[in-house]
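Participant: build me a structure from this.
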Amino acid sequence: MLATSLRRTATTAARQTTTRCFASAPVDFEHFSSGWEKISSGYEAEGKFHIETFNKISPKGLARFPSKNYEIKEDWENNNAHAILLRSHKLQESEVDVSIRAIARCGAGTNNVPVARMSELGIPVFNTPGANANAVKELVLCGLFLGSRRLIAGINHMKQLGEQGLQKERVEKDKSMFGGREIAGKTLAIIGMGHIGAATAREASALGMKTVGYDPALSIESALKLPREISIADSISSAVAEADYISLNIPYIKGEGGTHGIIGKDVLSHMKNDAVVLNFARGELVDSEAMKEFLDKGDGRYISDFPDDLLWNHNNAILLPHLGASTEEAEETAAAMAADTIQAYLEHGTIKNSVNFPAAALPERKEGSIRVTVATQNVPGMLAYISEVFAKHGINILQQINTSRGDLAYNVIDVELGSDTIDLKDLQKELTMHDGVLSSRILFGVAGAGYARNIDGKYFV
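Facilitator: The predicted model follows:
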């Protein structure tokens, strides 16, 4: 658990005191190294950001981190990593040390990350929307053809005939067993029109298909990418009613009002008996019992990129081993996006593509200034308190941004230093230990330094 990690970190923390000069103002700060121990073998990267990776992350993506300021390992034995990059690894809270500033998943979904708990701890979680869109779109198109022609059954039949030495003798006679239909002129319903849905709509339209879409959260950016010919439905049921093919492109959301089993008896009852359902989003979106009943009573098909304990051997179902984003190009793009996002956050405090923090960005800080970021609970009075602390220490604010999302608020503040010596150690502790503050960072050019946390009223730096 995290408590064990915190105790371990507090025990091994080493103290480093340094004085740097910003313009003409000397700044004295004290940095506790969040688990580093100078005499240990894990301390060789002093002055660098430490990136911990789970799963195999594309080397081309990781190369986006400049080696001068970053070191990347799969295991930081002294619990002093600053950010985590992962793909499908199911992250446990016990793996998130007190020194972790941010987490990025190389992919769109974040179901394998305890996002709610990270929000409580003031840790932003990032994803890479759109990085795998082309790879998944191409597999959806493959699903269209798999659902139109009995290709898999035909391939398996030819193997059986080959084993018997009967291929040439039976091929013309048996091909009628595997008839199909063309997709040109057919209707494709697209449920969810984000990056993948919009790309699928464009390609389907180019192939001569009619398209209808449904997405209650359709963004202007995605809408501009849709083909002109697409019609927009006001519900899932109305979208699928006249569709020959249905592509699911929506996120999986647990709980009341979520999307678990959203493709159930009610929605399936509105489909044509021979409709083909393409699920390259999440397996949990489909009610397996209801889908089996649908497949049993008609000539419908189900093409999915996910395992299903009930449908795995159904004659009208084809299940793939989660291949949607399994291309070299998609993995490189996702890793590069994740690396860029983490780098922008660690070095500049910028929030982009976070699933739990509000977006935030300030222009490059001016020479002779320092940047401070503060993550807080979204409650009244926090911004006023932060401003009061700077005023109390005689520090002028040059520019700032305050944004919020749900229960979280995030502040990025550039401050000007006067001619007097500023004790950033005391300033940061005063900022961080106020009730409702989760974490703070002081960005002054030393990689890895300047991070503080308020965890249940205890100060960790």
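
Participant: quick one: contacts for the residue most central in space within the chain?
Facilitator: Nearest residue to the geometric centre of the chain (CA atoms, centre = their mean): Asn127, 2.2 Å. Taking CB atoms under 8 Å, 6 or more residues apart in numbering, we find Asn127 in contact with 104-105, 107-110, 353-355. Quick note: C-beta positions are derived from backbone N, CA and C, even for glycine.

Participant: mind doing that once more with 6 Å?
Facilitator: Residues near Asn127 by CB atoms under 6 Å, 6 or more residues apart in numbering: 105, 108, 110, 353, 355.

Participant: show me where pLDDT drops low in the stretch 1-150 of the chain?
Facilitator: Along the stretch 1-150 of the chain, segments meeting pLDDT under 70 span 1-46, 78-79.

Participant: same question for the stretch 301-450 of the chain.
Facilitator: 418-422.

Participant: tell me where it has helices.
Facilitator: For the stretch 301-450 of the chain, the helices defined by DSSP state H, counting those that start in this stretch cover 328-348, 382-392, 424-432.

Participant: can you name every helix or strand that the longest one contacts?
Facilitator: So that's helix 328-348. Secondary-structure packing of helix 328-348 (3 or more CB pairs under 6 Å, 6 or more residues apart in numbering; DSSP states H and E): helix 59-62, strand 102-105.

Participant: ranking those by burial, who's on top?
Facilitator: Comparing those by mean neighbour count (mean count of other CB atoms under 10 Å), strand 102-105 comes out on top with a mean of 27.

Participant: pull up the pairing partners for that one, direction included.
Facilitator: The strands beside strand 102-105 in its sheet (DSSP bridges) come out as strand 83-86 (parallel), strand 125-126 (parallel).

Participant: between these, which one is nearest to Glu169?
Facilitator: With CB to CB as the measure, strand 83-86 is the member of those nearest Glu169 (53.4 Å).

Participant: gap between the closest one and the chain center?
Facilitator: Counting by CA atoms, centre = their mean, to the nearest Å, strand 83-86 is centred 11 Å from the centre of its parent chain.

Participant: Gly436 contacts Pro380, doesn't it?
Facilitator: No. The pair Gly436 / Pro380 is not scored as a contact, 9.6 Å apart, by CB atoms under 6 Å.

Participant: neighbour-wise, which of those two wins?
Facilitator: Counted by other CB atoms under 10 Å, Gly436 and Pro380 do not tie: Gly436 has more neighbours, with 14 against 7.

Participant: ok, the residue nearest to the more buried one when sequence neighbours are not counted - how many residues close by?
Facilitator: In space, Gly436 comes closest to Gln377 once its chain neighbours are excluded; the distance is 4.4 Å by CB to CB, 6 or more residues apart in numbering. Each residue near Gln377 was counted by other CB under 10 Å, and the total is 16.

Participant: bridged to Gln377, which residues?
Facilitator: Leu408.

Participant: what's the end-to-end length of stretch 355-368?
Facilitator: Taking CA to CA, to the nearest Å, stretch 355-368 runs 33 Å from one end to the other.

Participant: with stretch 91-109 instead?
Facilitator: For stretch 91-109, the first-to-last residue distance is 13 Å (CA to CA).

Participant: go on, stretch 299-306?
Facilitator: 21 Å.

Participant: over to stretch 165-181?
Facilitator: For stretch 165-181, the end-to-end distance is 29 Å (CA to CA).

Participant: show residues contacting that stretch.
Facilitator: Applying CB under 6 Å, 6+ apart, the contact partners of stretch 165-181 are 148-150, 153-154, 161.

Participant: so what's the gap between that stretch and the chain middle?
Facilitator: Remark: stretch 165-181 is offset 46 Å from the chain centroid, using CA atoms, centre = their mean.

Participant: any chance of the strands paired with strand 102-105 in a markdown table, plus mean neighbour count?
Facilitator: Below are those laid out as a markdown table (neighbours: other CB atoms under 10 Å):
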| stretch | mean neighbour count |
| --- | --- |
| strand 83-86 | 25 |
| strand 125-126 | 26 |
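
Participant: wait, which of these is closest to His270?
Facilitator: Among those, the nearest to His270 by CB to CB is strand 125-126 (36.0 Å).

Participant: can you point out the buried residues in the next helix or strand after that closest one?
Facilitator: Heading C-terminal from strand 125-126, the first helix or strand you meet, by DSSP states H and E, is helix 133-148. By neighbour count on 16 or more other CB atoms under 10 Å, the buried set for helix 133-148 is 133-144, 146-148.

Participant: other SSEs contacting helix 133-148?
Facilitator: Using 3+ CB pairs under 6 Å, 6+ apart: helix 133-148 touches helix 195-206, strand 276-279, strand 301-304.

Participant: and if we set it to 7 Å?
Facilitator: Packing partners of helix 133-148 (3 or more CB pairs under 7 Å, 6 or more residues apart in numbering; DSSP states H and E): helix 195-206, strand 245-248, strand 276-279, strand 301-304.
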